[in-house]
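Engineer: Attaching a predicted model along with its sequence, questions to come.
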Amino acid sequence: MNTEIPEACIQAIANARHIVVLTGAGVSAESGILTFRDALEGLWAKYDPRELATPEAFERDPELVSRWYDMRRLMCRDTSPNPGHGAIADLQRRTERSGGTFTLLTQNIDGLHQRAGASDVIELHGSLWKWRCASCYTPATDLPEPLAEFPSPCACGGFLRPGVVWFGEALSHDDLTAAAAACDACDVFLSVGTSGVVYPVAGLIDLVSVRGAPTIEVNPDVTPQSGQVTWSLRGPAGEVLPALVDSIGA
Ligand code: BJW
Ligand code: ZN
């Protein structure tokens, strides 16, 4: 790995009593999950994900939107966590073993952090694995893989939808409050694989920066936050994070 990790960055993580990690689609890229802004492949190439991830799209074409999310659900089922997910889970274990606090915030809906062994993950944009009725909100259980019908009906006459947060929808108040409280209290904030353009999550880093606490970004590309963070580690999460965690002796 060519990315050099500054010693001060390693020490900031090694000495922190409370670490917040915020992840986005980039952490799952090396598991073969397309990031949100990647062009979709094959059958789905003609659709813009930004236009499918809305309540209006589901209302207009529930079959199309159900098929898209079900395709993604199966894609996530059929892949595995990568070394980036593993390093985050290792860092959580190391931090908690030594009596510290670790808060893992993710915008991802794929469940790969949990499969890598992370616990208490705050899924700010929901989960592909928790569907519910769009009309009566009843949670759906034992969904077939793939779904049997597109869209799948609820007993109330409504349709099932994925338990994710679409554009224009509110994030869970409790999750957002917990995320903000962690950002207000942490000693170091690590942002991994997010383009940093989707609010309110993109604003969480400001709660850390304003206090002068160190912030770290892991991303192969420049983001709107690159000029603001204390350290920008340029490279893929699956390489940078294991190197970072190794260097603190987790
Ligand atoms: C790698 C890598 C490797 C690649 N290693 N890295 C303030 C200003 C302007 C607009 C707004 C605002 N506040 C709210 C808005 C509106 C809107 C918004 O933010 N719009 C912007 C786009 C302008 N926000 C909302 O609508 C939110 N709701 C809201 O504000 O509600 C208000 C309300 C209050 C009360 C009542 C009602 C309403 C909701 C936002 C929900 C976003 N949902 C989605 C879809 C989830 C389901 C699904 O996946 O289908 O969440 S959108 C999509 O973007 C998804 C992602 O979680 C999210 C963030 O994307 P992410 O994770 O950053 O991925 P990418 O693809 O953008 O970037 C990948 C990155 O990885 C890149 O940087 C790569 O370089 C990098 N990378 N390989 C490391 N190997
Ligand atoms: Zn219903």
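Structural biologist: That came through, no problem. Numbering: from 1, shown residues only. Ligands and ions are numbered 1, 2, ... in the order given.
Engineer: Strands of this structure, residue ranges please.
Structural biologist: 18-23, 101-106, 122-123, 126-133, 160-164, 188-192, 215-218, 231-233 (DSSP state E).
Engineer: Out of the ones you listed, which is closest to A53?
Structural biologist: Taking Cβ to Cβ, strand 160-164 is the member of the strands of the chain nearest to A53, at 7.5 Å. (Each C-beta comes from the backbone N, C-alpha and C, glycine too.)
Engineer: And that closest one, what does it pack against?
Structural biologist: Helices and strands touching strand 160-164, by 3 or more Cβ pairs under 8 Å, 6 or more residues apart in numbering; DSSP states H and E, are helix 62-77, strand 126-133.
Engineer: Just want the angle from the first one to strand 126-133.
Structural biologist: Taking axes from the mean of the first three to the mean of the last three Cα atoms, to 10 degrees, one finds helix 62-77 and strand 126-133 inclined to each other by 140 degrees.
Engineer: Show me the shaky parts of the chain.
Structural biologist: Along the chain, the model assigns pLDDT under 70 to residues 1-2, 39-44, 250.
Engineer: What residues does the protein have near ligand 2?
Structural biologist: Within the chain, the positions adjacent to ligand 2 are C133, S135, C136, C154, C156, G158 by Cβ under 5 Å from the ion.
Engineer: try it again with 6 Å
Structural biologist: Taking Cβ under 6 Å from the ion, the part of the chain that reaches ligand 2 is made up of C133, S135, C136, T138, C154, C156, G158.
Engineer: wait, doesn't the last one sit right on W131?
Structural biologist: Think G158. No. Using Cβ atoms under 8 Å, G158 is not in contact with W131, being 11.9 Å away.
Engineer: These two: who's more crowded?
Structural biologist: Neighbours of G158 and W131, each counted by other Cβ atoms under 10 Å, are more numerous for W131; the result is 23 against 17.
Engineer: Mind checking which of the residues of the chain next to ligand 2 are buried?
Structural biologist: By neighbour count, with 16 or more other Cβ atoms under 10 Å, the residues of the chain next to ligand 2 hold C133, C154, G158 as buried.
Engineer: Quick check: the gap between E59 and G158.
Structural biologist: E59 sits 12 Å away from G158, going by Cβ to Cβ, to the nearest Å.
Engineer: What residues does the protein have near ligand 1?
Structural biologist: Counting by Cβ under 6 Å from any ligand atom, the chain comes close to ligand 1 at 24-26, 29-30, 35-37, 53, 107, 109, 125, 164-170, 193-195, 197-200, 218-221, 223, 236-237.
Engineer: same thing but 5 Å
Structural biologist: 24-26, 29, 35-37, 53, 107, 125, 164-165, 167-168, 170, 193-195, 198-199, 219, 221, 236-237 (Cβ under 5 Å from any ligand atom).
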